[in-house]
Every structure is written in structure tokens, then in C-alpha cells.
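> Task: produce atomic coordinates for the following.
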Amino acid sequence: MVRSADRLRRQGDTLYRARDFATAVARYREAVATNSDLAEAWYGLGCSRLAQGAFGDGVDALRRATALRPDSERARCSLAETLFKTGETDQALAEFATAAAGTDPEVRAVALANMAVIAPGCASLDNAGILATRQVWATLAGQDIQPLTPAPAEPGRKLRIGYISAFFGARNWMKFVFGVINAHDRDRFEIHLLSDGDDPCSESGYADHGEDRVWRIKGMPNADLARHIVAAGIDVVVELNGYSDQNRLLLFRHRAARWQISWMGMYGTTGLPETDCVVGDDAVIPPAEEKFCCERVVRVPGSYLAFTVPYAVPDVAPPPCLGSPGLTFGCLASAYKLTDPTIAAYARILHKAPTSRLLLCNRTLKAASNRNALLGRFARHGIDPMRLVLVEGAEHTEFLRMYDRVDIALDTFPYSGGTTTAEALWQGVPVLSFNGDRWAARTSCSILLAAGLEAWVAADEAGFVEAAVGWATDPAFRGRLAALRSGLRARLAGSAACDTAGLCRSLEALYSLAPAAGRVTQI
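Below is the predicted model of the structure:
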């Protein structure tokens, strides 16, 4: 029986390597049915379900594998990755930390890299912990990188700005970027777009300027790209990915430009000592928290996430509560933001507002095991599944139409919304948030305050729950909500939340501080 189970497991491994995950799952299940103590088969099953996006099943299988083989660092890493995908971020962090403490240097590197990515979304870490976690990864990942000498300034020519992104072709994410880039004064600045993905295009919001230069850098090693940046005399490099493209973030360790800035995609410190400054605003980072950034913090007026929506989107619909006995709360954030504290707060709202319901929409909800896992997490708080509407993600336009079914969007924490907040507001749906304990927990606040929606930013989590319940149980609120919704898009367009030209001028002033040579010492 043991030999038969191991033979089935080996067949599963072969199928997994061939990326035939469905057949691999069948073999692994046969193996564990034959021998339920075969840790390697549970590990293979968990990895296969992870590859299929069935994270609920993957967690169960990988927990069996680590219970049978507590010393398996790779199984713990896979379990951590799968837990993160479901929103169980603090459990994921603990598993990654256990794997990182092992003896396998390859697993240690992977675990530390993942910990640096997820740190801001982990409630168990404070600001000091986030900084330390990212610095540990940056030190390890950059230990063999030799910095270059950036090209010196050339008096009399335009300042050369290099924006780096893997998402220039993605209209939903570029709503925060192209409003600024399109507004640049081309008489003073030469714009270079260093693209790790699809080219910038009109469909994603880019207004083509003949003098702009697009670099196709996908797959180019950082060392080679750094040399090209020096050779091209780029004065300022502006990194837009943050930890969404972690390897490219390490470009800063090569010191290719005299002025290295992290702007749109960063919700806290980079952890990289070569980052000269990180761009934020008054809402996201108070002065007392600057010590938790290894970079200088530069605050712009209004919101550092000012946005435009230059592409066609659905019209704003009336709030669904006008024809319903209760309010529909909604959250269209990615599943990894549905942390345990977030779900606990949502559950308290549902208990105290008994006629309300909650709509959740994200791509992971396509898989039955993920839906079941999420329902189980709410069930632990006593929430009947009939109070929940689970919808899988869709193409962008159809995704935006989901807001027609939502009265109030609820923010997530400790990793709050950015793109989802902007999109909800533009579709007329107010977003309820609160002033969190870290940068990542205040990005929605940045947009809401810039839009003049102070009433939708609670002081704390208790106020967040109280406000949601108050509106859900107030019969007069529906009329006020309908009026707010119908005028919200125009209100946004005239506010600092959409003042991308003003943000551009602030960033241009920052870029102009680039030192003539070497690294800046004073702002």
C-alpha cells in the first residue's frame, strides 16, 4: 500500500511539473486515499490546488503536509503563500517566518521576500516591524550589488525623468499616473517611460507626446538596465510599482540616477537605503511616523493619489436601497485584503444592522473552495451565508457595474483601498474608511479627504462600525445617499482628489531638486 501510494505521488509530481494540474490533483488524491500519512502527496496536492487558484483546498492540504512534516520549510512557504491569497495574512506571516528560520537558504530568501511584500497588510506588525521586515529583505537581496556612478547634471538641458512601471497598459491602475505624466511641461522635462509590460497607450490613458521615449525593458536584468539609465543621462528615476514588482524595485540598489524616488505604488517605506525620498501626503503619514521610513518623506498638497478616469465607464446608477428593505454594503477589494480584523468588523456591522447584507466581489471567488473558506470565516462570527452575496471578478467594465448593486463600500484594513476606492467613488458609491495606524491603512483616507468627504473617514475602527450601522438603521439616510450619489462624480472632478495637474506641478518641483552629482543630502 505504501509503495502504491508513493508511486501515485510520483506520477502526480510528473504531472505537476508538466503543468497538468487537474490530473495531478487526481493522482495526489488517490495517493492520500491510499496512505493518509504521506506528507509529500499532501504537499503536491496543496501546491496543485494553489496553482489552480483553489486556495481553500490548498490550505487544507498544506496544513496536513506541515502537520506530518513540521520540518518541511518548502511546505510552510507554500502554505504561507496560500493563506495570504485568502486574506489570512497574519497566519501567512507566521508561516513565512518559520520557513525563514530554517536551514535552506533558497527557502529563506523566498520567505523573506514574501514577508517584505505582505508586511503592511499584517495587523500583527506595527510600523517598526514593517520597516525592519523590509530592511532585512533589502539587505539580503542587495548584498552583492555594486552601485554605479550616476551621470552628472548637464547644465542647460531639460531634466530627464524616467518613470518605471510594469502596468503602463493597464487602464485601471494608470488612472493615478497618466494624469500627471500627460500634464508635464515638456519644455522643461524630457519624459522616459520604462515599461516592464504593455506599452503605454491611449486606451490606458496616455496622451502620446512625440518627444517622449518609451523603453521596453521586460526581462532586462537590473544591472543592464542601470547601465542604460546612466548612459542615457537620466536625472530622476521614479518607481511606480512598489512591491508589486519586487525584483525591479531592487534597481534602486544600483544607484543608476542621482535622484531616486518612490511615488504611486508605495504604501510605506521601501526598505532600500538608496531610495532618496518617498512621496506621500498629510493624510497618509504624520510627522511622528517619518522615523519608520528609511527615506525622506515628501508630502504633496491634496492627495498623492490624485486620479483621472480618461476612459469610458458605466453611468452612475441610483442606490439599490431605494428598492430594497435594507442597505447593501460592498467590498470589491482583492481577497488578500479581507483580513481577519476586516471580516470581524464586517460581521459586527451585519449583526447590528439586521436588514443589511454584504456583497463581496473578487477574482478568487470563482473557485468553490475559496467561497466555502470565506463563508466559513464569516460563520465563525455567526453570520448566516444568506446575508452574503459572493460574486467572482469580471472584465473591468463589468466589474465597475457591480457598484450598481452596492449602497456603501466598506474599506479593508490594515491594507486599505486605493484603486478600488477611486473606482467606487467615481461610480457614485461612497466609501467608508477610518484613520488607521499605518500608511497602508490610510490610502483611502487620502482620497476621501481630498474629495471633501470627511464624514466618511471615521476616527477609528469602532467609529467605522458605528457609522455603518447608523446609516443602515436611519430611514432618512436613503434620500441623502441618493443625492450624494448623483452628484459625486462632478464633486470629485472639481476636487483635489482629481487635481492631477496640481500634483504634477508639485512633483516637478520635487524633481527639480535633483542634485548636480551624487546623492542628495538636504531638501
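
> Name all residues that make contact with Leu388.
Arg357, Leu358, Leu359, Leu360, Leu375, Phe378 (C-beta atoms under 8 Å, 6 or more residues apart in numbering). Glycine gets a C-beta too; all of them are placed from N, C-alpha and C.

> Please, where are all the helices along the stretch 201-350 of the chain?
222-232, 246-249, 340-352 (DSSP state H, counting those that start in this stretch).

> In JSON lines: those helices, plus distance to Gly417.
Listed next are the helices of the stretch 201-350 of the chain as JSON lines, based on distance: least, C-beta to C-beta, whole Å:
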{"stretch": "helix 222-232", "distance to Gly417": "30"}
{"stretch": "helix 246-249", "distance to Gly417": "21"}
{"stretch": "helix 340-352", "distance to Gly417": "11"}
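
> Which one of those helices lies nearest to Ala312?
helix 246-249 (30.8 Å; C-beta to C-beta).

> Now do the strands in this structure.
Using DSSP state E, the strands of the chain run over 159-165, 189-195, 213-216, 236-239, 259-262, 277-280, 296-299, 328-331, 357-362, 388-392, 408-410, 431-434, 457-458.

> who does the second one touch, helix- and strand-wise?
Looking back up the chat, that one is strand 189-195. For strand 189-195, the elements it packs on are strand 159-165, strand 213-216, judged by 3 or more C-beta pairs under 8 Å, 6 or more residues apart in numbering; DSSP states H and E.

> distance of Thr275 from Leu194?
16 Å (C-beta to C-beta, to the nearest Å).

> more neighbours, those two?
Leu194 (27 against 22; other C-beta atoms under 10 Å).

> Identify the residues contacting that one.
Gly162, Tyr163, Ile164, Ser165, Trp215, Ile217, Leu225.

> Looking at those, which is nearest Ala67?
Closest to Ala67, out of all of the contacts of Leu194 and judged by C-beta to C-beta, is Ser165, at 41.9 Å.

> and that closest one, bridged to which residues?
Ser195 (DSSP bridges).

> pretty sure it contacts Gly242?
No. Ser165 is beyond contact range of Gly242, at 10.1 Å (criterion: C-beta atoms under 8 Å).

> residues shared between the contacts of the two?
With C-beta under 8 Å, 6+ apart, Ser165 and Gly242 have common neighbours Gly265.

> Who has more neighbours out of these two?
Ranked by neighbour count (other C-beta under 10 Å), Ser165 and Gly242 place Ser165 first, with 25 against 20.

> how much space between that one and Phe176?
According to C-beta to C-beta, Ser165 stands 11 Å off from Phe176.

> same thing with Asp281?
13 Å.

> still on that earlier bit, switch the helices and strands packed on strand 189-195 over to TSV; also include mean pLDDT and distance to Glu454.
Shown next, in TSV, are these (pLDDT from 0 to 100; distance: least, C-beta to C-beta, whole Å):
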stretch	mean pLDDT	distance to Glu454
strand 159-165	98	32
strand 213-216	97	40
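
> Of those strands, which stretch is the most buried?
Mean neighbour count, computed with mean count of other C-beta atoms under 10 Å, is highest for strand 159-165 among the helices and strands packed on strand 189-195, reaching a mean of 24.

> who touches it?
174, 177, 181, 184, 188-197, 215, 217, 229, 232-241, 248, 251, 257, 265, 511-512, 514.

> Over to stretch 61-78?
Residues contacting stretch 61-78 (C-beta under 8 Å, 6+ apart): 32, 37-40, 42-43, 45-47, 49-50, 58, 79, 82, 95-96, 98-99, 102-104, 107-108, 110-111, 114.

> Please apply the same query to stretch 335-342.
55, 84-90, 118, 121, 123, 331, 360, 362-365, 370, 374, 377, 412-417, 461.

> buried subset of those residues?
55, 84-90, 118, 121, 123, 331, 360, 362, 364-365, 370, 374, 377, 412-417, 461 (16 or more other C-beta atoms under 10 Å).

> got the contact list for Pro273?
Ala138, Cys294.

> Enumerate every residue touching Trp426.
Here Trp426 is in contact with Val309, Val313, Leu488, Arg489, Leu492 (criterion: C-beta under 8 Å, 6+ apart).

> which of those residues tops the neighbour count?
Leu492 (22 neighbours).

> how close does that one get to Val284?
Leu492 is 19 Å from Val284, by C-beta to C-beta.

> which one is the residue nearest to the spatial centre of the chain nearest to, not counting chain neighbours?
Per C-alpha atoms, centre = their mean, the C-alpha nearest to the average position across the chain is that of Ser244, at 7.0 Å. Leaving aside its sequence neighbours, Ser244 sits nearest to Gly265 (C-beta to C-beta, 6 or more residues apart in numbering; 5.7 Å).

> what does Ala347 give?
His381 is the one closest to Ala347 (C-beta to C-beta, 6+ apart), at 3.5 Å.

> The one you found contacts Ile349, doesn't it?
No. Taking contacts as C-beta under 8 Å, His381 lies outside contact range of Ile349: 10.7 Å.

> who has more neighbours, these two?
Ile349 (22 against 15).

> how about the residue nearest to the centre of the chain, what does it touch?
Ala166, Phe167, Gly265.

> Would you quantify the distance from it to Val117?
Distance from Ser244 to Val117, by C-beta to C-beta: 9 Å.

> got it, and Gly265?
In terms of C-beta to C-beta, Gly265 sits 12 Å off from Val117.

> Please enumerate the shared neighbours of those two.
Counting by C-beta under 8 Å, 6+ apart, the residues touching both Gly265 and Val117 are Tyr243.

> Looking at those two, which one has more neighbours?
Ranked by neighbour count (other C-beta under 10 Å), Gly265 and Val117 place Gly265 first, with 21 against 18.

> who touches the more buried one in this structure?
Ser165, Glu239, Leu240, Asn241, Gly242, Tyr243, Ser244.

> And Phe292, by the same measure?
Asn127, Ala128, Ile130, Leu131, Gly268, Thr269.

> Farthest pair within the residues you listed?
Longest span within these, C-beta to C-beta: Ala128 and Gly268, 11.7 Å.

> Can you pick out the residue with more neighbours from the two?
More neighbours surround Gly268 than the other of Ala128 and Gly268, with 25 against 10 (other C-beta under 10 Å).

> quick one: that one and Pro120 touch, right?
Yes. Counting by C-beta under 8 Å, Gly268 touches Pro120, with 5.0 Å between them.

> so what's in contact with those two at the same time?
In contact with both Gly268 and Pro120: Ile130, Arg438, Trp439, Ala440, using C-beta under 8 Å, 6+ apart.

> Quick one: mean pLDDT over stretch 404-420.
For stretch 404-420, the mean pLDDT works out to 97.

> start to end distance for that stretch?
14 Å (C-alpha to C-alpha, to the nearest Å).
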